[in-house]
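# Sequence below, structure please.
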Amino acid sequence: MTNTTAPFGRLLTAMVTPMTPDGAVDYDGAARLATHLVDDMRNEGLVISGTTGEAPTTTDEEKSRLIKAVLEAVGDRAKVVAGVGTNITAHTVELARQAERAGAHGLLAVTPYYSKPAQDALIAHFTTVADSTQLPMLIYDIPGRTAVALATETLVTLSSHPRIVGVKDAKGDLAATSQVLSRTGLAYYSGDDPMNLPLWSIGGVGCISVTGHVVGDRIFEMLEAFTDGHNTQAAKLHLSMLPVNVGLFRNQAAVMTKAAMDLLGLPGGGVRGPLLPASDAERQKLHDDLTAGGVNIQAEAHR
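The predicted structure is shown next:
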């Protein structure tokens, strides 16, 4: 791996937001799930209110309470990064300041979606957000959701900001990522689970995972193997998790991950519209995918 340090730990999971049967946020469930992810799945950090956490459909107040609930649960055992990205700069600043007040260790800000800002506008947006708090910030580059990719020169420019410390990379362009890594000190986290090991091989520092909900311990093992130079073992672990990668993304990650949590006896609950919960057929297929990926569902559900 690169010599760039991992500012929030190497393995983070973008945590789902558990819900009660009536659709309210389940803060006790969030605390229990966070504890499981840190203590059993070996996560060194958690991202709260990311896309998988259904940030577009939770209120600002719910986001703040979630940060506090998770911080109380994991204490100093893990870093807590708050998803604050929206497609309104002023609202993103508001959420960033709220996260700082709630005690978050860092921020994750996605490229503003739908509006399709030009590159100079993206520089202005991220600079404004980074200027608004004293917290270190990751930029989330995921053009498949936002319709805009961050250009190499844009990332190079933003890297000069003292609080912009890294990128959650879900662009799927290792050549472009290599360019940024060669020209900046940004810490690159894989934001797409099948790309975790490939990204580490060019200098990434870790991952912000969805599959970390169910195979975080194996991802950690893969990280350790790769870091120790045991590349054959790392590749073997990478391949072993491919069915899990497929299963959790057959529908939106929040939908399928909550179904997985239900199968494993962990807090998850329903999803908020416009999402719908996984169908019976999707749940059965997910059961098969997880089993093929080496997840012992019955044993996990009773641990």
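
# where does Val93 fall, helix, sheet strand or coil?
Here Val93 is recorded as helix under DSSP: H, G, I helix; E, B strand; the rest coil.

# Return the distance of it relative to Ala234.
40 Å (C-beta to C-beta, to the nearest Å). In short, each C-beta sits where N, CA and C put it, glycine included.

# Tell me where the chain has strands.
Along the chain, the segments classed as strands by DSSP state E run 11-14, 45-48, 79-83, 106-110, 137-141, 164-169, 187-190, 206-209.

# Give the pairing partners of the first one; include direction for each.
What that stands for is strand 11-14. Strand 11-14 pairs in its sheet with strand 45-48 (parallel), strand 206-209 (parallel), by DSSP bridges.

# what mean pLDDT would you report for that strand?
Averaging pLDDT along strand 11-14 gives 98.

# That one: which residues count as buried?
Under the neighbour-count criterion of 16 or more other C-beta atoms under 10 Å, strand 11-14 has Leu11, Leu12, Thr13, Ala14 buried.

# Bridged to the third one, which residues?
This points to Thr13. Leu46, Ser209.

# The strands paired with strand 11-14 into TSV, with extra columns for mean neighbour count, mean pLDDT and distance to Met256?
Conversion of the strands paired with strand 11-14 to TSV gives the following (neighbours: other C-beta atoms under 10 Å; pLDDT from 0 to 100; distance: least, C-beta to C-beta, whole Å):
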stretch	mean neighbour count	mean pLDDT	distance to Met256
strand 45-48	28	98	17
strand 206-209	28	98	14
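
# Using JSON lines, lay out those strands together with distance to Leu275.
Below are the strands paired with strand 11-14 laid out as JSON lines (distance: least, C-beta to C-beta, whole Å):
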{"stretch": "strand 45-48", "distance to Leu275": "18"}
{"stretch": "strand 206-209", "distance to Leu275": "20"}
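
# Tell me which stretches of the chain form helices.
27-39, 60-74, 89-102, 119-131, 143-146, 152-158, 174-183, 196-201, 212-227, 231-240, 242-247, 253-263, 280-292, 297-301 (DSSP state H).

# what angle separates the second one from helix 89-102?
For helix 60-74 against helix 89-102, the angle between stretch directions is 30 degrees (axes from the mean of the first three to the mean of the last three C-alpha atoms, to 10 degrees).

# Packing partners of helix 60-74?
helix 27-39, strand 45-48, strand 79-83, helix 89-102 (3 or more C-beta pairs under 8 Å, 6 or more residues apart in numbering; DSSP states H and E).

# Looking at these, spot the one closest to Ala292.
Relative to Ala292, the nearest member of the helices and strands packed on helix 60-74 by C-beta to C-beta is helix 27-39, separated by 22.4 Å.

# Leu242: how many residues sit nearby?
15 (other C-beta atoms under 10 Å).

# which residues sit against stretch 52-68?
Here stretch 52-68 makes contact (C-beta atoms under 8 Å, 6 or more residues apart in numbering) with 14-17, 25, 27, 30, 47-49, 80, 82-83, 85, 94-95, 98-99, 101-104, 210, 253-254, 257, 271-273, 275.

# Mind giving me the PyMOL command for buried ones among those residues?
The following PyMOL line selects those of the contacts of stretch 52-68 that are buried, judged by 16+ other C-beta under 10 Å:
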select buried, resi 14+15+16+17+25+27+30+47+48+49+80+82+83+85+95+98+99+102+104+210+253+254+257+271+275
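
# Look at Met1 and report its pLDDT.
41.

# Throw the strands of the chain into CSV and include distance to Leu263, thanks.
Shown next, in CSV, are the strands of the chain (distance: least, C-beta to C-beta, whole Å):
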stretch, distance to Leu263
strand 11-14, 17
strand 45-48, 21
strand 79-83, 25
strand 106-110, 27
strand 137-141, 28
strand 164-169, 27
strand 187-190, 25
strand 206-209, 18
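
# Quick check: Arg65 vs Ser49, distance?
11 Å.

# do the same with Gln284
Taken as C-beta to C-beta, the span from Gln284 to Ser49 is 30 Å.

# Over to Gly216?
Applying C-beta to C-beta to Gly216 and Ser49 gives a distance of 19 Å.

# Next: Pro267.
16 Å.

# Ala31 now?
For Ala31, the distance to Ser49 - C-beta to C-beta - is 15 Å.
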